[in-house]
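Enquirer: Next one to model:
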Amino acid sequence: MKRSGASLAAHLKKEKSMKTTFLGLKHRQIEPPLYDSVVELCNDIMNAIDNEESEAELEYYQELEQLCEEAESSALNHPFQWEVLADLTTNNANAIKLYKKGVAYAHDQALPDFIASIKLSLARRYLSVSNNKLAYNTALEALDAAKDSSNNELKQEIDDFLLRK
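Expert: Residues are numbered from 1 along each chain as shown. Okay, the predicted model is just below:
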């Protein structure tokens with residue numbers, strides 16, 4: 001599938017997902033195993049978008065996708081990489097599948113901050129496809145997951161999302 005840099009940039013601005021993802025990490029003591037690689041690829045994608053290099057954007061996206069898939073059956077697997085991949089996926093149905101995968105890994109690894117962050121991103125996607133009820137319920141699940149979190153910015157983003165509903 002050909003990806004448009006303009007559409008991805010607009011999508012990221014609209015969703016604010018990357019802000020949530022990286023704000024969430026700011027308050028964590030330990031970075032996910034592939035954090036540096038994922039952030040580097042994300043920066044490469046954003047630079048390609050800024051420079052209107054759609055082929056480079058697609059290439060970096062595919063590298064990120066491959067990184068996630070290769071790490072999936074190893075100790076390097078972490079919900080962070082799936083959340084970022086989903087954030088960068090313009091096809092809503094595919095992004096929703098990736099978010100659900102990330103949430104499952106966050107549950108498996110007992111990472112409530114990631115559950116909350118990914119659920120919020122998932123709620124935003126549901127809203128973007130006009131599934132308001134599922135968006136609201138998913139945001140409530142994010143709020144529940146964040147209740148014991150020290151990440152006040154994430155909690156505020158969830159509250160803001162729910163207040164707009």
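
Enquirer: Number of residues surrounding Asn47?
Expert: Per other Cβ atoms under 10 Å, the neighbour tally for Asn47 reads 13. Glycine gets a C-beta too; all of them are placed from N, C-alpha and C.

Enquirer: Show the pLDDT at it.
Expert: The model reports Asn47 with a pLDDT of 92.

Enquirer: The helix or strand containing it - contacts with which helices or strands?
Expert: Assigned by DSSP states H and E, Asn47 belongs to helix 35-50. The contact analysis (3 or more Cβ pairs under 8 Å, 6 or more residues apart in numbering; DSSP states H and E) places helix 35-50 against helix 5-15, helix 17-26, helix 54-71, helix 79-87.

Enquirer: Where among those is average confidence lowest?
Expert: helix 5-15 (a mean of 43).

Enquirer: Asn47 and Tyr60: what is the separation?
Expert: 9 Å (Cβ to Cβ, to the nearest Å).

Enquirer: again, but for Ala110
Expert: Distance from Ala110 to Tyr60, counting by Cβ to Cβ: 31 Å.

Enquirer: same thing with Ala135?
Expert: 29 Å.

Enquirer: Could you do Ser74 as well?
Expert: On the measure of Cβ to Cβ, Ser74 and Tyr60 end up 22 Å apart.

Enquirer: Next: Leu111.
Expert: For Leu111, the distance to Tyr60 - Cβ to Cβ - is 26 Å.

Enquirer: how about Glu52, phi and psi?
Expert: When read as degrees, to the nearest 10, the backbone of Glu52 gives phi 50, psi 40.

Enquirer: next one: Leu88
Expert: phi -90, psi 0.

Enquirer: Tyr60 is in contact with that one, correct?
Expert: No - if you go by Cβ atoms under 8 Å, Leu88 and Tyr60 don't touch, sitting 9.1 Å apart.

Enquirer: Please say which of the two ends up with more neighbours.
Expert: Leu88 (25 against 22).

Enquirer: For that one, report the pLDDT, please.
Expert: 93.

Enquirer: From Ser149, how far off is Glu65?
Expert: Remark: distance between Glu65 and Ser149 (Cβ to Cβ) = 29 Å.

Enquirer: between these two, who's got more neighbours?
Expert: Ser149 (19 against 16).
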